[in-house]
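Visitor: I'd like to go over a predicted model; first the sequence, then the structure.
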Amino acid sequence: MDTALDLRDFGGVDAYLAKCPSRTVLDVLANKWAVLVVPMLGGGPLRFGVLRRKLDGITQKSLTQTLRNLERDGLVTRTAFPTIPPRVEYELTSLGRSAITLLEGMRVWAEQHVPEIVNARSAYAQRAEAQEA
């Protein structure tokens, strides 16, 4: 017998439920570029070009989409300055700053465990090859 409460009945959310709106938040934050953009903006506002140079391998399209999603969800503000050429800066909101520790932790964990993950992938590939043979 399943005794888990549906927290939505009590004004809450539960990401384990298929229709929970928190899943859309997880989609944005679990994006590999968001995991890197948010902590990078933790040092203060940055221009688009600076972000793009610091995030080796990101395309203009991916960075634009990531920043738009973060702005839409209230984690980033975009400020356009009336200069020629136009200057635009991106900065974390208080909500965005509250996610830095979480996302920076994900990056650090990934960097620390690369050797183990690479070894596990190699072992998995070898097992899969052996099963196919």
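Guide: Arrived safely.
Visitor: for the chain, longest helix please?
Guide: helix 114-132 (DSSP state H).
Visitor: And the helices in this structure?
Guide: Counting by DSSP H, the segments of the chain that form helices are 22-29, 32-40, 48-54, 60-72, 94-97, 100-112, 114-132.
Visitor: Kindly reformat those as TSV containing mean pLDDT.
Guide: Shown next, in TSV, are the helices of the chain (pLDDT from 0 to 100):
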stretch	mean pLDDT
helix 22-29	91
helix 32-40	97
helix 48-54	96
helix 60-72	97
helix 94-97	98
helix 100-112	95
helix 114-132	95
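Visitor: Export the ones you listed to a markdown table and append columns for mean neighbour count and distance to Arg78.
Guide: Where you see a C-beta, it was placed from the backbone N, CA and C, and this is true even at glycine. Formatted as a markdown table, the helices of the chain follow (neighbours: other CB atoms under 10 Å; distance: least, CB to CB, whole Å):
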| stretch | mean neighbour count | distance to Arg78 |
| --- | --- | --- |
| helix 22-29 | 14 | 16 |
| helix 32-40 | 21 | 13 |
| helix 48-54 | 14 | 9 |
| helix 60-72 | 16 | 5 |
| helix 94-97 | 14 | 12 |
| helix 100-112 | 13 | 18 |
| helix 114-132 | 9 | 33 |
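Visitor: among those, which is nearest Thr79?
Guide: When those are compared by CB to CB, helix 60-72 sits nearest Thr79, at 10.7 Å.
Visitor: angle of that closest one against helix 32-40?
Guide: Helix 60-72 and helix 32-40 meet at an angle of 60 degrees, taking axes from the mean of the first three to the mean of the last three CA atoms, to 10 degrees as the criterion.
Visitor: Let's see helix 60-72 as CSV, backbone CA atoms only.
Guide: Only the C-alpha atoms of helix 60-72 are listed here, as CSV (Å, rounded to 0.1, in the frame of the first residue of the first chain):
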residue,chain,number,x,y,z
GLN,A,60,26.4,31.6,-29.2
LYS,A,61,23.0,29.9,-29.6
SER,A,62,23.5,27.7,-26.5
LEU,A,63,24.7,30.6,-24.4
THR,A,64,21.8,32.8,-25.6
GLN,A,65,19.2,30.1,-24.8
THR,A,66,20.8,29.4,-21.4
LEU,A,67,20.7,33.0,-20.4
ARG,A,68,17.2,33.5,-21.6
ASN,A,69,16.0,30.5,-19.6
LEU,A,70,17.8,31.7,-16.5
GLU,A,71,16.3,35.2,-17.0
ARG,A,72,12.8,33.8,-17.6
